[in-house]
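Q: A predicted structure for the sequence below; I have some questions about it.
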Amino acid sequence: MTVLYAHFHPLSGGALAEETYDGLLALLTEVTPVVQALPPDAALLDVRGAVRYFGHDPAQLATLLRVRALARYETDCTLGVAANPMLARMAAQDGPPGAVRTLPDDPERVAAFLARKPAAALLGVGPATARTLCSYGLDSVGRIAAAPPAVLQRILGAANGRRIWERAHGIDPTPVTPDTRALSIGAEHRFTTDELDAAYRRRALLALADGLGARLRENKQVARGLTLTVRYADGSTTTRGRTFAEPTAHTPVLTSTAYALHNALGLQRARVRSVALRAEGLSGAELAVHQLTFDEADDKARRVEAAVDRARARFGPGAVGPAAALHVA
């Protein structure tokens, strides 16, 4: 496999608009149909077929995509080229934004590249897992790779320990899965300064979940799951997702799921630059089945939600909303 990881950066310095992101994804499909969206501002491409078709090596294709993104959308991009999605992502993040970085498919070069990385740089190692590994002296990818698999399995559990050991050796069998952007919608909040306050991040998540729920109901859609992406001060990201018990557009469900995903990261003193939510697996609300309950609070919440939707439809989206989400900057 030959994979490109593309991370987009608007020249304006602001957040990437959703319509611009859609256009950039369409641009990528001009090179290969195997494009996997990684909202809100990244994507993966499998370019094995494109290399043969265009007669260019992966780095040349990456340079072409960067030039086109700049010309058409005034958006620069950082591109990593490697043998699998994890290595391509890590290659792209190995330096300042706006470049094409290639990691050769050579075991020795890959091992040397990974050895100097901190444990948190590995895909699937969030802040909580990184702290656990560091408490055992496994604070770098090189040390994790040198540890026996059985040790990691005792520390992290059988499946996760084996997976982290494989990734420390540059092994990532995850395929690039083409997806349809129309099957998801998302929103991002960028803080004016890197945010340390977990309560303030929760207020931002509340505002995002409220907005997503309103958009879903307005479009008569429901989502099967929710994905949270947290971007840190150093530009790295953590993404976590959860599938709902039943497809929904109910704001309290979206909000509680966003809170649970955020709490599970155990960020504590992490400096957070932005948070993003994406409702995944959209389908028509008419096809969804809601399990009836005798919960009066849930019944009341849904009646209030319907009243809020009517007020917004009449007076505009800012007419009413959660008090806790006001003045989120």
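A: Received the coordinates, thanks.
Q: then stretch 226-244 to PDB, C-alphas only?
A: This file holds the C-alpha atoms of stretch 226-244, laid out as PDB (Å, rounded to 0.1, in the frame of the first residue of the first chain):
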ATOM      1  CA  LEU A 226     -20.900  10.800  17.000                       C
ATOM      2  CA  THR A 227     -17.200  11.500  16.600                       C
ATOM      3  CA  LEU A 228     -15.200  13.900  18.700                       C
ATOM      4  CA  THR A 229     -11.900  15.400  17.400                       C
ATOM      5  CA  VAL A 230      -9.700  17.400  19.800                       C
ATOM      6  CA  ARG A 231      -6.800  19.400  18.400                       C
ATOM      7  CA  TYR A 232      -4.000  20.300  20.700                       C
ATOM      8  CA  ALA A 233      -1.600  23.300  20.900                       C
ATOM      9  CA  ASP A 234       1.100  21.400  19.000                       C
ATOM     10  CA  GLY A 235      -1.200  20.600  16.100                       C
ATOM     11  CA  SER A 236      -1.700  16.900  17.000                       C
ATOM     12  CA  THR A 237      -5.200  15.500  17.200                       C
ATOM     13  CA  THR A 238      -7.100  12.800  19.000                       C
ATOM     14  CA  THR A 239     -10.400  11.400  17.600                       C
ATOM     15  CA  ARG A 240     -12.800   9.200  19.400                       C
ATOM     16  CA  GLY A 241     -16.300   7.900  18.300                       C
ATOM     17  CA  ARG A 242     -19.300   6.200  19.700                       C
ATOM     18  CA  THR A 243     -22.400   4.500  18.100                       C
ATOM     19  CA  PHE A 244     -25.800   5.400  19.500                       C
END
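Q: Report the mean confidence score over that stretch.
A: Mean pLDDT, computed over stretch 226-244, is 89.
Q: How about it, which residues are buried there?
A: Within stretch 226-244, the residues that count as buried by 16 or more other CB atoms under 10 Å are 226-232, 237-239, 244. The way it works is simple: take the backbone N, C-alpha and C, and place the C-beta from them, glycine included.
Q: which of these sit farthest apart?
A: Pairwise distances across those (CB to CB) peak at 27.0 Å, for the pair Y232 and F244.
Q: List the buried residues of the host helix or strand of V51.
A: Following DSSP states H and E, one finds V51 within helix 48-54. Burial within helix 48-54, assessed by neighbour count using 16+ other CB under 10 Å, is assigned to 50-51.
Q: ok, and what's touching that helix?
A: Helix 48-54 has contacts (CB atoms under 8 Å, 6 or more residues apart in numbering) with 1-2, 31-32, 34, 56-58, 61.
Q: closest to L254 among these?
A: L254 lies nearest to V34 out of the contacts of helix 48-54, by CB to CB, at 30.6 Å.
Q: Dig out what the closest residue to the closest one other than its chain neighbours forms beta bridges with.
A: Leaving aside its chain neighbours, V34 sits nearest to D46 (4.0 Å; criterion: CB to CB, 6 or more residues apart in numbering). For D46, the beta-bridge partners under DSSP bridges are V3.
Q: Offset the numbering so it begins at 212, please.
A: Got it, first residue is 212 now, which makes that one D257.
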